[in-house]
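Novice: I need the structure of the sequence given here:
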Amino acid sequence: MTIIYRYTPIPLLLLFSLTGKTQTRLIDSLKQYVFQAKNDQQKIEAIYMLCNEYKSITRDTLDHYTFLARELAANTDNARLKQMAEFAVACDYARWGWADSAIFTVDPLIAANKVTIPEQRDIYFKASRLKAMTYAGRSRFQDALTILYRIVSEAEAYKDSITLGENLNSIGSVALARSNTRDALTWLSRALTACGNDKRFDEIRAGIFINMSEAYLQLGKTDSAVQYSGKGVALFKKVENLSSLALALQKQSSVFIAAGRLDEAEQSLKEMIALRKEAGDGNLYADDNTSLAEFYLQTNQVKKAIQFCKDALLVGDVRAPLPGDEQSYANAITIRLGYYQVLARCYKMLEDNNEYQQMLEQIIIAKDSLYKYNSAQAIAELQTQYEVQKKENTIIQQKLDITNKNNRFYALLGIAFFALVIAWVMFTGYRKREKIRLNAMLEKEKSLAAQSIAQAEENERKRIAADLHDNLGAYAASIVSNLDFIEPIAGNVSGNIAVQELRNNSQAIVAQLNDTIWALKKDALSLTAISDRIKIFIQRIQNSYPAISINVAENIDDDRMLSPSHAFHLFRIVQEAINNALKHSKGTKVDIIIESTTAGWKISIADNGAGIMQRSKDGNGLSNMKGRAKETGWDIEWLSEPGRGTSVIISPTTN
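Specialist: This is a model prediction of the structure:
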């Protein structure tokens, strides 16, 4: 199953496995093949088959099998067995998230195996796919797609339905990650067609259904999203891929949240946590508990989140307060720390400063305890190693002659030095991890600060719009209203003209203020909204040009959203282009066409007049239109022939 998330930094595309009771029968049977192998060749082949399920195998277990395969392959001259072993090692690297090592290992395999040779096709397809998934995990989508497109083409040519189905699904996943939702649905539909109804494809179909659920969720079609997530979860239960099932349940909870079915969302999360808990993985179980607390926060159930965390903190054996206990006890510092951090956020949302301060103090204490524990644990381990070695050396000393005293002394000195080196390596590694964690915290703080600034800018923009409406707008409207009470004075031509000019200018001020407020008071404006504003503008001026037909046509498949400033600039450019056509073209028709697809958008304003070559090139606001287009990063061009009219085309700049 390949799932790429839209809202978060995209991890390597693999599913976390469950161990213990949740180990699937397939993996157990594959391990039996390895155990029952009669010779090295059969053992390597069995490990190669086992690595097809590398996403669902614990890292330590995978380490054991893959490097056993490499060790066995070193004793054979069979090139294919060596390649199988190297592919197994590449899977292990991918499982650990070591992308560069995985790619470095599979590249020679891809080069050495040809898709045209049936005996080499299996390794070729698997190595190519692993490389593509590794690129996708690094967000190098174009590199991943280049490989996936090639695999799909080759799989179609050689009628390999399984390879075709899973890689079409992966292309759909990449499209989802790039927010190309409709494109993703096209690829996922192809994947579903390739799989047909064959039960061998149940696991692939399950992944497709979960991805389709995500696609419909992005499109706002929650009913379809609920339907497909249900199908995916049901299939994962059927094929007993419990690690993928846990992830699918997590996705299903997001769908239920979007559909407003919060009870079912909570149930999906609880079912996922039950799977994790059954596995006996304390840290993973705690992470899922934290996910449920996050769900309560997102649904404004802050008090429920607080109670949930408090209940979790009460669980456990107080005699085992530090990491190392096999049970998922919340007394472990690493687990309690996560709950403290969620509680701190809860109290901050409730503006309970006293509780918030207490949680911050608990977080500091927990981090200090964890540091002290890690340091003490490392020293204790080194001391134990030293004592064991010392006892062994004492036994040896009793058996050796007095002439070996110098040798024993140097041996002890070497052990002590080795212990110091280990301590230094462990301490350096800890400092490096802390530095990475602190950098991550700083990045998070920067992100929060940027969000706060954006919110402040949004609030200020809305305040300015309100001030314009309540102050300048009111004064301008008052001027227009009062001017209506001034009667023309007979014989005072210049005075009457001045009053009329003042009335026209006041009305123009009111219209432009309305346009400005329209843009400012929105968080974002769609092309449809801009089109509607253009229609209002045309209605306002149509009576002044009764001899000219003004038409607006829309072809909007992808209703794109623009920021307020960009929307305002676009409206002004179109407004200026329409005014120029009405005032200067000497034509009888003006057509405005607004188009938007997934490939981009374009607006054109065309008249059937004399052409721009017969107009003044210094006026008509052309420089203002160019300036606005340049400021927003758009292209604007004038197409004109004398006597055949003029077209103004605005579109985003393409690089």
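
Novice: What helices and strands are in contact with the helix or strand containing K444?
Specialist: Element membership for K444 (DSSP states H and E) is helix 405-467. Applying 3 or more CB pairs under 8 Å, 6 or more residues apart in numbering; DSSP states H and E, we find helix 405-467 packed against helix 353-399, helix 493-520. The way it works is simple: take the backbone N, C-alpha and C, and place the C-beta from them, glycine included.

Novice: tell me the mean pLDDT over the first one?
Specialist: Going back to what we said before, that points to helix 353-399. The pLDDT scores in helix 353-399 average 65.

Novice: again with stretch 432-447
Specialist: Mean predicted lDDT for stretch 432-447 stands at 86.

Novice: now that stretch, how far from the centre of its chain.
Specialist: Mean C-alpha position of stretch 432-447 versus that of the full chain (CA atoms, centre = their mean, to the nearest Å) differs by 19 Å.

Novice: you'd agree I594 is in a helix?
Specialist: No: judged by DSSP: H, G, I helix; E, B strand; the rest coil, I594 forms no part of a helix; its state is strand.

Novice: For V648, pull up the helix or strand it's in.
Specialist: Going by DSSP H and E, V648 is in strand 646-652.

Novice: May I have the strands that pair with that strand, each with its orientation?
Specialist: Here strand 646-652 is paired, per DSSP bridges, with strand 600-607 (antiparallel), strand 634-640 (antiparallel).

Novice: Pick the most deeply packed of the ones you listed.
Specialist: Here the criterion is mean neighbour count by mean count of other CB atoms under 10 Å, and of the strands paired with strand 646-652 the winner is strand 600-607, at a mean of 20.

Novice: In the chain, where is pLDDT below threshold?
Specialist: In the predicted model of the chain, residues 1-25, 276-289, 314-335, 370-401, 454-486, 488, 490-508, 510-521, 613-620, 655 satisfy pLDDT under 70.

Novice: Can I get the strand holding V648 as PDB, trimmed to CA atoms?
Specialist: These are the backbone C-alpha positions of strand 646-652, laid out as PDB (Å, rounded to 0.1, in the frame of the first residue of the first chain):
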ATOM      1  CA  THR A 646      -7.500  44.300 -30.200                       C
ATOM      2  CA  SER A 647      -7.200  41.400 -27.700                       C
ATOM      3  CA  VAL A 648      -5.600  41.800 -24.200                       C
ATOM      4  CA  ILE A 649      -4.600  38.500 -22.600                       C
ATOM      5  CA  ILE A 650      -3.600  38.100 -19.000                       C
ATOM      6  CA  SER A 651      -2.100  34.800 -17.600                       C
ATOM      7  CA  PRO A 652       0.400  33.600 -15.000                       C
END
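
Novice: Pull out the buried positions in that strand.
Specialist: Going by neighbour count (16 or more other CB atoms under 10 Å), the buried part of strand 646-652 is 646-651.

Novice: Likewise for stretch 357-368?
Specialist: So, applying 16+ other CB under 10 Å, buried residues of stretch 357-368: 359, 362-363, 366.

Novice: again with stretch 167-183
Specialist: Under 16+ other CB under 10 Å, the buried positions of stretch 167-183 are 167-178, 180-181, 183.

Novice: from those, which two are the most distant?
Specialist: Taking every pair in the buried residues of stretch 167-183 and measuring CB to CB, the maximum separation is 19.5 Å, between N167 and T181.

Novice: can you redo the strands paired with strand 646-652 as JSON lines with distance to S452?
Specialist: Shown next, in JSON lines, are these (distance: least, CB to CB, whole Å):
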{"stretch": "strand 600-607", "distance to S452": "31"}
{"stretch": "strand 634-640", "distance to S452": "30"}
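
Novice: Out of those strands, which gets nearest to L343?
Specialist: For the strands paired with strand 646-652, the distance to L343 is smallest for strand 600-607, at 46.7 Å, taking CB to CB.

Novice: any idea how far that closest one is from the chain center?
Specialist: Distance, centroid of strand 600-607 to centroid of chain: 33 Å (CA atoms, centre = their mean).

Novice: In the very next helix or strand once past that strand, which residues are buried?
Specialist: Counting by DSSP H and E, the next helix or strand C-terminal to strand 600-607 is helix 622-632. Buried residues in helix 622-632, counted by 16+ other CB under 10 Å: 622, 625, 628-629, 632.

Novice: What is the most widely separated pair among those residues?
Specialist: Among those, the pair separated by the greatest distance (CB to CB) is L622 and T632, at 16.3 Å.

Novice: Per the annotation, how does this structure divide into domains?
Specialist: As assigned by automatic domain parsing, the chain contains the domains 1-208, 423-521, 524-652.

Novice: buried set for stretch 432-439?
Specialist: For stretch 432-439, it's none, nothing buried (16+ other CB under 10 Å).

Novice: Tell me how far the residue nearest to I123 when sequence neighbours are not counted lies from N551.
Specialist: Excluding the flanking residues, the one nearest I123 by CB to CB, 6 or more residues apart in numbering is N113, at 4.8 Å. Going from N113 to N551 by CB to CB, to the nearest Å gives 61 Å.

Novice: Compare these two (neighbour count), which wins?
Specialist: Neighbour totals were compared for N113 and N551, and N113 leads with 22 against 10 (other CB atoms under 10 Å).

Novice: check contacts around the more buried one.
Specialist: N113 makes contact with 83, 120-121, 123-124, 127, according to CB atoms under 8 Å, 6 or more residues apart in numbering.

Novice: any chance of those residues in JSON lines, with neighbour count, distance to F35 and secondary structure too?
Specialist: Converted to JSON lines, the contacts of N113 look like this (neighbours: other CB atoms under 10 Å; distance: CB to CB, whole Å; DSSP: H, G, I helix; E, B strand; the rest coil):
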{"residue": "Q83", "neighbour count": "21", "distance to F35": "23", "secondary structure": "helix"}
{"residue": "Q120", "neighbour count": "16", "distance to F35": "28", "secondary structure": "helix"}
{"residue": "R121", "neighbour count": "18", "distance to F35": "29", "secondary structure": "helix"}
{"residue": "I123", "neighbour count": "20", "distance to F35": "24", "secondary structure": "helix"}
{"residue": "Y124", "neighbour count": "21", "distance to F35": "29", "secondary structure": "helix"}
{"residue": "A127", "neighbour count": "25", "distance to F35": "26", "secondary structure": "helix"}
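
Novice: Need the max-distance pair from those.
Specialist: The most widely separated members of those are Q83 and R121, with 12.6 Å between them, by CB to CB.

Novice: For the nearest residue to K310 once chain neighbours are set aside, list the residues it contacts.
Specialist: Excluding the flanking residues, the one nearest K310 by CB to CB, 6+ apart is L343, at 7.7 Å. Counting by CB under 8 Å, 6+ apart, L343 touches 306, 309-310, 355, 359.
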